[in-house]
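In: Got a predicted structure here, sequence first:
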Amino acid sequence: MISHIWFTIAADSSNHLKEVVIRIYWDGNAKPSVEVPVGDFFGLNLGQYFVYQSAFLNCSSVKALNCYFAMPFRKSARITATNESSRHIGAFYSNIDYQIVPALPDETLYFHAQYRQAAPNKPTMNDWRSNGDADKLKNLDGKENYVFVETRGRGHLMGVTLGVLQNQDFWMGEGDDMVFVDDESQPIITGTGMEDYFNGAWDFGGRDTAVPFAHLYNGAPLIVAGERPGGRYCLYRWHADNPITFTKYLKHTIEHGHADHRADNYFSVAYWYQAAPYTDFPALPPAESRIPRLKAVPGPGGAEPA
């Protein structure tokens, strides 16, 4: 069982956190059960370093990346790091702590992590002027929501990390989390807003007074120029105390703005465990498209496309 992963990287490219991809293969599988850009895997979803601490991930001074998720396996584990940039990596240091045990319980589950992005999200409307106007919209089925993960099998969700780069003005976080469990037709859990899902409140403090925080199971450790075009947020939520269990199907989603009315950029990782190594992942976006960049989108507060 892998108990701890530590990396630190010296690279020529300033975008190396997005360009280096970590893959983990369990028990000889040809496809990985973890496939994530290295920065996103450690909660640095916008490709920049910042120091923070949580129960399962942290970034320590100066550029030390740590993961404490338990990762059991029965026969073998293979971890690879692939540089998808044309620029040189001078050093990639790693330390992998693991234990060899006589046996694992039959019900032991495999660790998974999957990267997704929408840069930008597709909005349901472009003529809104404030969240108050957008509140007239309805979204009961979640079909246009941003998807953190969709998987089939038996297991439990452990949490997500999310980076948001705003393309538009105003508060970006009115999206409700909507989780589908063993029923693809309707969510069994519907939340009350993005900052609430990440266990903060009230816009994390407001446009000019937001307060970054990093706690054991939840945090918004990076908030820069919030509620403006170019605003940046990195967020995490761990379900260690209340894992979302599923027996055959899980889809974890969140609205991008109220009823999906906003067109911001989202970069996320979902972390979960399930009984069989699941490898039916969507194709990983190319390295160039993973680098967060402000996009011209319709709607108020952003640059209109030509």
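Out: Cool, got the structure. Numbering: from 1, shown residues only.

In: Poorly predicted segments of the stretch 1-150 of the chain, please.
Out: For the stretch 1-150 of the chain, applying pLDDT under 70 flags the ranges 130-132.

In: now do 50
Out: Within the stretch 1-150 of the chain, not a single segment meets pLDDT under 50.

In: where exactly do the helices run in it?
Out: Along the stretch 1-150 of the chain, counting by DSSP state H, counting those that start in this stretch, helices occupy 16-19, 38-41, 131-134.

In: Nearest to Tyr217, out of the ones you listed?
Out: Among the helices of the stretch 1-150 of the chain, the nearest to Tyr217 by C-beta to C-beta is helix 38-41 (18.0 Å). C-beta here means a position set from N, CA and C on the backbone, and glycine is covered the same way.

In: Need the contact partners of the closest one.
Out: Residues outside helix 38-41 that contact it (C-beta atoms under 8 Å, 6 or more residues apart in numbering): 7, 9, 16-18, 20-22, 34, 45-48, 65, 67, 81, 113, 115, 161, 163, 267-269.

In: Sort out which of the residues you listed are buried, if you could.
Out: Listed as buried from those are 7, 9, 16-18, 20-22, 34, 45-48, 65, 67, 113, 115, 161, 163, 267-269; burial here means 16 or more other C-beta atoms under 10 Å.

In: And for Thr80, nearest residue in space, chain neighbours not counted?
Out: Nearest residue to Thr80 in three dimensions, chain neighbours excluded: Arg23, at 4.9 Å (C-beta to C-beta, 6 or more residues apart in numbering).

In: Who does the one you found form a beta bridge with?
Out: In this entry, Arg23 is beta-bridged to Glu35, Thr80, by DSSP bridges.

In: now Tyr273
Out: The partner list for Tyr273 in beta bridges (DSSP bridges) reads Phe111, His156.

In: And it, how close does it get to Leu216?
Out: 19 Å (C-beta to C-beta, to the nearest Å).

In: neighbour count winner among those two?
Out: Legend: neighbour count by other C-beta atoms under 10 Å for Tyr273 and Leu216, higher for Tyr273 (20 against 12).
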